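Asker: predicted coordinates and the sequence they were generated for:
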Amino acid sequence: MIDEAQRIYEQGKAAPGFDHAAGLRKLETLGDAEAVFRAGRLWPRFDFTEGLAALFRLKSAKFIYHAGLEWKSFDFALALSHLCALHDPGYLFYAGAHWKSFDYEKGGKVLLLRENPEYLYRAGALWREFDFASAWRALEKAGGEGEAWRGLALENPKWKRALGRIWEELCQKAGI
């Protein structure tokens with residue numbers, strides 16, 4: 001049996017005379033972030049601004065991230081603000097790694113605040129821009145939890161180059 005959100009989503013794809021705005025509101029009322037995301041992909045008429053707002057109200061970092069990959073129209077700056085407010089380091093990392101537009105300074109600051117060693121390491125390995133010095137300090141501060149990620153950083157070519165530059169700067173400041 002098809003649930004109500006699935007029925008509305010299917011109707012929005014092809015039913016003549018379907019009220020897409022009302023359908024979007026109903027999907028949000030039903031709390032189905034995935035259906036909102038899918039509607040943005042396949043409905044012939046979709047208000048992307050309102051769809052993004054619905055995903056934010058539903059607190060769905062996952063589908064905000066996916067919308068940034070697949071929707072025809074997407075406000076990356078506004079979506080990043082939403083992702084930052086949701087405090088999900090995983091989807092924030094993925095957005096920086098995969099969205100075609102991303103504010104690395106803003107995203108990086110929020111990622112540092114989350115103090116998640118795994119995603120700090122991963123962002124350093126994959127993001128185009130990254131504050132390696134601050135992230136390394138956070139990995140050190142994480143103690144045992146950050147140990148494995150520090151080890152991986154020492155083996156990762158991008159991290160190794162950045163740590164080498166950090167070391168050179170420290171030596172210069174110390175007069176060595």
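Answerer: Okay, I see it. Residues are numbered from 1 along each chain as shown.
Asker: from here on, contacts and neighbour counts on C-alpha atoms
Answerer: OK.
Asker: next one: phi and psi at the residue nearest in space to the middle of the chain?
Answerer: In the chain, the centroid-proximal residue (CA atoms, centre = their mean) is L92; its distance is 2.9 Å. In terms of degrees, to the nearest 10, the main-chain angles of L92 are phi -70, psi -50.
Asker: check the one 10 residues further on too.
Answerer: Its backbone dihedrals place F102 at phi -160, psi 140, with angles given as degrees, to the nearest 10.
Asker: for the closest residue to it other than its chain neighbours, give its distance to A53.
Answerer: What sits nearest to F102 in space, not counting adjacent residues and going by CA to CA, 6 or more residues apart in numbering, is G96, at 5.8 Å. Using CA to CA, to the nearest Å, we find G96 at a distance of 20 Å from A53.
Asker: between these two, who's got more neighbours?
Answerer: G96 (22 against 17; other CA atoms under 10 Å).
Asker: just the pLDDT for I2.
Answerer: Note on I2: pLDDT of 62.
Asker: buried set for the longest helix along the chain?
Answerer: Counting by DSSP state H, the longest helix found in the chain is helix 157-174. For helix 157-174, the neighbour count (16 or more other CA atoms under 10 Å) marks 159, 162-163 as buried.
Asker: quick one: terminal-to-terminal distance for stretch 25-41?
Answerer: For stretch 25-41, the first-to-last residue distance is 16 Å (CA to CA).
Asker: quick check: mean pLDDT of that stretch?
Answerer: Per-residue scores along stretch 25-41 average to 97.
Asker: and the contacts of that stretch?
Answerer: Applying CA atoms under 8 Å, 6 or more residues apart in numbering, the external contacts of stretch 25-41 come out as 5-6, 8-9, 12-13, 24, 46-48, 51, 54-55, 58, 60, 63-64, 66-67, 70-72.
Asker: how about that stretch: buried residues?
Answerer: Judged by neighbour count (16+ other CA under 10 Å), stretch 25-41 contains these buried residues: 26-28, 31-41.
Asker: same thing with stretch 41-60?
Answerer: Using 16+ other CA under 10 Å as the test for burial, stretch 41-60 gives 41-43, 46, 48, 51-56, 58-60.
Asker: in helices, which of those appear?
Answerer: 41-42, 48, 51-56.
Asker: between the residues you listed, which is nearest D131?
Answerer: Of all these, F56 has the smallest distance to D131: 27.4 Å, by CA to CA.
Asker: low pLDDT regions in this structure?
Answerer: Applying pLDDT under 70 to the chain picks out residues 1-2.
Asker: can you rerun that using 50?
Answerer: Across the chain, residues meeting the criterion (pLDDT under 50) sit at 1.
Asker: sorry, back to before: dump the buried residues of stretch 25-41 into a markdown table; add distance to S134 and secondary structure as well.
Answerer: Conversion of the buried residues of stretch 25-41 to a markdown table gives the following (distance: CA to CA, whole Å; DSSP: H, G, I helix; E, B strand; the rest coil):
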| residue | distance to S134 | secondary structure |
| --- | --- | --- |
| K26 | 44 | helix |
| L27 | 41 | helix |
| E28 | 39 | helix |
| G31 | 38 | coil |
| D32 | 38 | coil |
| A33 | 34 | helix |
| E34 | 35 | helix |
| A35 | 38 | helix |
| V36 | 37 | helix |
| F37 | 35 | helix |
| R38 | 38 | helix |
| A39 | 40 | helix |
| G40 | 37 | helix |
| R41 | 38 | helix |
